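> Here's my sequence, what's the structure:
(chains A and B)
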There are 2 protein chains.
Amino acid sequence: MAGETVQITGWVHEIRDLGGIVFVLIRDKNGITQLTAPSKKLSEEMMEDVRAARKETIVSVTGKVQESPKAPNGVEIIPDNIDIINVSQLPLPLDTTEKVDAEMDTRLDSRFMDLRKHDVSAIFKIKSQMLHTTRNYFYDHDFTEITTPKLVASATEGGTELFPITYFEKEAFLGQSPQLYKQMMMGTGLDRVFEIGQIFRAEEHDTLRHLNEALSIDAEMSFKSQQDAMDLLEDLIRNILADISDKCRGELEDLEHPLDVPSEPFPVVPYERVIDIVNSHDVEMNYGEDLNRAAEKVLGEEMGSYYFITEWPSAIKPFYVMPNVAEPEKSTAFDLMYRDLELSSGSQRVHDYETLYNQLEAKDLNPDSFEKYLEAFKYGMPPHSGWGMGADRLTMVLTGVKNIRETVLFPRDRRRLTP
Amino acid sequence: MAGETVQITGWVHEIRDLGGIVFVLIRDKNGITQLTAPSKKLSEEMMEDVRAARKETIVSVTGKVQESPKAPNGVEIIPDNIDIINVSQLPLPLDTTEKVDAEMDTRLDSRFMDLRKHDVSAIFKIKSQMLHTTRNYFYDHDFTEITTPKLVASATEGGTELFPITYFEKEAFLGQSPQLYKQMMMGTGLDRVFEIGQIFRAEEHDTLRHLNEALSIDAEMSFKSQQDAMDLLEDLIRNILADISDKCRGELEDLEHPLDVPSEPFPVVPYERVIDIVNSHDVEMNYGEDLNRAAEKVLGEEMGSYYFITEWPSAIKPFYVMPNVAEPEKSTAFDLMYRDLELSSGSQRVHDYETLYNQLEAKDLNPDSFEKYLEAFKYGMPPHSGWGMGADRLTMVLTGVKNIRETVLFPRDRRRLTP
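Model (predicted):
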């Protein structure tokens, strides 16, 4: 490139004025390029234009490329012309040169500027690649992409943690999960469906792992078992890890995050064994209890990477989960964990109308509220299995960040509704 | 295949009992297969099992393939074994053999069964392929996929047609459009972003072209002009048409819909020429007015296929639309139409803070309500352009259906919130 004339348009990342020479670092999506302006060689007007290029102003520079071993890419540009495209105000709400670590709230308040830091944009490039790989995996495996409604008339899974909406004259809610819709799709003959969409939960969390608006990856397959659903999930994760390793090398380096790619199949730990492990670390957990935070932590340390938990008690899993045929107090439910983080839940589902009706009643839910869902089980519903996975949580694992807010452009929690 | 033993699992599509011989048509995702049960050749138990296979019951059949020129695929299966997987109740809420044309409302009430008709599932296979092609097109053109919040604190574009939500102690709304978010992303350096997600509009429509929850395809590009945005849109549409023609031949046949693939570039019709065309058909339209339904219809007949409308008056376009530099009363806004249907709107956007602030005020909007959005324009916002396209409307064009409800699995309008 040396000797060639090029044009670079981007943001002024840094400006160092040494009097006789001015260095301007220009940032665009390909990285940082150094502009060198020696007053001996350039006109006074040009030097004035260069000095007008304040931090974060957008400039377009035409100039000659010159080798320069000390510059960011080993080259520098001597400007022939510099155009100011849009001037930035000062002071900046955030420092984009990463010398000052801002608070999460300050960063989220000015997210547009936070994303100018390459280790922040790297998270969203990895997330975009993860979604890309996930969709192509589904398409390659003969899945049909579906979109199910987010405006719903009643609770998806019977919980009370719903956001109410005023829908013209009626009350409606925001969908907690596409669960009931993707199951109804199994009664259509489409056989395999997936959806990647937002879910809304009015839970009063204040943790690093929960948001009130999250992105969910959902899959459902007809004529498939619990094992088939687990195999699909593990194979998808392996495809994602392979693609991120291959296509996001630079982003992983920016994040200083070596990706954990297990060579062995994901271990499968039955629920009763989980209790033993947790108890052996002096954390209390009894049969019939869900994992509490302390239990997740010791289990995560013991297991280290990805693993499945299976054979959950039917009593603590949702009404649509199929019990084990041989031991109905145990279910076909499984969770995929990464260390102490739950990534996905799935199961074989009940496909028999009577059983489903009875399981609703056994969970103190009113079958009348599920009338339209139940109808799909009366007229030829095939056996089916599936899972839902938190896309934001998976992004945490892929990028190594510890706060789920890092993985969402404009996160929503109880305290935050803007920008 | 003749002479081989096969297994078929699917729904009983039709059963014809001629006494000495019973024909059962079994439907799975590959199509329809005929089971032939002659009482001379089969045991009485087997004949009983075959006769128990009521319409829409799921059965799994093992048997020998035999040539049979009169059967659907030229073959029939003589059963060795028949398992009933899940019995269907009778009567059915809908006829899946397409001899009775049900009302739209009846069909939507039992959507799981409506989709068993191959000309209904064809719509959603085409929609899935359209989304697949669209995403791959964006990925191939270096776009980053983003997800922006659907829970928002205030109106996106200043309209009043918002669904209010109770968000813990606060009031919030459902997002009408990702417009302001995708524009803020142009201030991040990501340069090109796209989102495919749901939008919510509390409009009291009752037409064949509007829904209150719709799927929107949104694209935004930095350092790009109105023309660049139009070129991107036209090129994407051409890629979609090529892929649907190639990969959805069977579905287009099921729908008896020959796809309209224009060989010439999409015509570009300036707004003033639109008025002339409309007026020449004795429909009133004055400068400064939007297209009313009668105007859309005569224009659609005149134009016939895809076309752009450009040079819209700035006065009737949103505050974020960039005016033409030479003639500011005209804007850089464009609409993509297919006959009488608006598919997409786009423009170059204002990137200068002062201009944007003034345009908000000129449209009687309060800049304070747009504080966080406006902030992104203070610190180096590049020139940018983009568009939003209705994915459900595009599916209408691709499939030839006349009611937008046909293109959405579980449509939401003022009267419908279930299933």
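> Give me every residue in the stretch 251-400 of chain A lying close to chain B.
Residues of the stretch 251-400 of chain A found near chain B (CB under 8 Å from any CB of the partner chain) are A:351, A:352, A:372, A:373, A:375, A:376, A:378, A:379, A:380, A:381, A:382, A:383. (Glycine included, C-beta is placed from N, CA and C.)
> From these, which land in strands?
Residues of these located in strands (DSSP state E): none.
> Relative to chain B, which of those residues is nearest.
Closest approach to chain B among those (CB to the nearest CB): residue A:372, at 3.4 Å.
> and the closest one, what does it touch?
Contact analysis of residue A:372 by CB atoms under 8 Å, 6 or more residues apart in numbering or on different chains lists B:109, B:418, B:419.
> change it to 10 Å
The contact partners of residue A:372, taken as CB atoms under 10 Å, 6 or more residues apart in numbering or on different chains, are A:153, A:154, A:180, A:184, B:109, B:110, B:111, B:112, B:410, B:418, B:419.
> could you pull out the strands for the stretch 1-150 of chain A?
A:5-17, A:21-28, A:31-38, A:58-67, A:75-86, A:144-145 (DSSP state E, counting those that start in this stretch).
> go on, the stretch 201-350 of chain A?
Assigned strands in the stretch 201-350 of chain A, in chain order: A:213-222, A:268-270, A:306-310, A:334-338, A:341-349 (criterion: DSSP E, counting those that start in this stretch).
> Tabulate the ones you listed (a markdown table), appending mean pLDDT and mean neighbour count.
Below are these laid out as a markdown table (pLDDT from 0 to 100; neighbours: other CB atoms under 10 Å in any protein chain shown):
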| stretch | mean pLDDT | mean neighbour count |
| --- | --- | --- |
| strand A:213-222 | 98 | 23 |
| strand A:268-270 | 98 | 16 |
| strand A:306-310 | 98 | 21 |
| strand A:334-338 | 98 | 23 |
| strand A:341-349 | 98 | 22 |
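> Nearest to residue B:250, out of those?
Checking the strands of the stretch 201-350 of chain A against residue B:250 by CB to CB gives strand A:213-222 as the closest, at 20.2 Å.
> neighbouring strands for that closest one, and are they parallel or not?
strand A:192-200 (antiparallel), strand A:384-390 (antiparallel) (DSSP bridges).
> and the ones you listed as a markdown table, adding mean pLDDT and distance to residue A:122?
Output for the strands paired with strand A:213-222, formatted as a markdown table (pLDDT from 0 to 100; distance: least, CB to CB, whole Å):
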| stretch | mean pLDDT | distance to residue A:122 |
| --- | --- | --- |
| strand A:192-200 | 98 | 21 |
| strand A:384-390 | 98 | 20 |
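> can I get the ones you listed in a markdown table with mean neighbour count?
Output for the strands paired with strand A:213-222, formatted as a markdown table (neighbours: other CB atoms under 10 Å in any protein chain shown):
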| stretch | mean neighbour count |
| --- | --- |
| strand A:192-200 | 23 |
| strand A:384-390 | 24 |
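> of these, which approaches residue A:279 most closely?
Judging the strands paired with strand A:213-222 by CB to CB, what sits closest to residue A:279 is strand A:384-390, at 27.5 Å.
> What's the first helix or strand after that closest one?
Toward the C-terminal end, the helix or strand that comes next after strand A:384-390 (DSSP states H and E) is helix A:391-399.
> quick one: low-confidence parts of chain A?
For chain A, residues meeting the criterion pLDDT under 70 lie at A:98-100, A:155-160.
> how does it divide up, domain by domain?
A:5-86, A:118-266+A:305-407 (automatic domain parsing).
> highest average neighbour count across these?
Comparing those by mean neighbour count (mean count of other CB atoms under 10 Å in any protein chain shown), domain A:118-266+A:305-407 comes out on top with a mean of 19.
> so how far is that domain off the chain centroid?
13 Å (CA atoms, centre = their mean, to the nearest Å).
> quick revisit: could you dump the strands of the stretch 1-150 of chain A into TSV and include distance to residue B:325?
TSV is the format used below for the strands of the stretch 1-150 of chain A (distance: least, CB to CB, whole Å):
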stretch	distance to residue B:325
strand A:5-17	19
strand A:21-28	25
strand A:31-38	28
strand A:58-67	17
strand A:75-86	15
strand A:144-145	41
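> So which of these is nearest residue A:322?
Short answer: strand A:144-145, nearest of these by CB to CB, at 23.0 Å.
> Let me see the contact set for the nearest residue to residue A:90 once chain neighbours are set aside.
Excluding the flanking residues, the one nearest residue A:90 by CB to CB, 6 or more residues apart in numbering or on different chains is residue A:54, at 6.1 Å. Neighbouring residues of residue A:54 by CB under 10 Å, 6+ apart: A:12, A:15, A:84, A:87, A:88, A:89, A:90, A:92, B:380.
> Those: which two are farthest apart?
For the contacts of residue A:54, the maximum inter-member distance is 16.9 Å, found between A:84 and A:92 (CB to CB).
> With distance to residue B:44 added, can I get the strands paired with strand A:213-222 in TSV?
TSV is the format used below for the strands paired with strand A:213-222 (distance: least, CB to CB, whole Å):
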stretch	distance to residue B:44
strand A:192-200	38
strand A:384-390	34
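> what's the closest of those strands to residue A:37?
The closest of the strands paired with strand A:213-222 to residue A:37 is strand A:192-200. By CB to CB, the value is 47.7 Å.
> how about the CA coordinates for that closest one, as PDB?
Extracted as PDB, the C-alpha positions of strand A:192-200 are listed here (Å, rounded to 0.1, in the frame of the first residue of the first chain):
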ATOM      1  CA  ARG A 192     -39.700 -29.400  13.100                       C
ATOM      2  CA  VAL A 193     -40.000 -25.700  14.000                       C
ATOM      3  CA  PHE A 194     -37.800 -23.100  15.500                       C
ATOM      4  CA  GLU A 195     -38.200 -19.500  16.700                       C
ATOM      5  CA  ILE A 196     -35.700 -16.900  17.900                       C
ATOM      6  CA  GLY A 197     -37.600 -14.200  19.600                       C
ATOM      7  CA  GLN A 198     -38.100 -12.100  22.700                       C
ATOM      8  CA  ILE A 199     -39.700 -13.300  25.900                       C
ATOM      9  CA  PHE A 200     -41.000 -11.100  28.700                       C
END
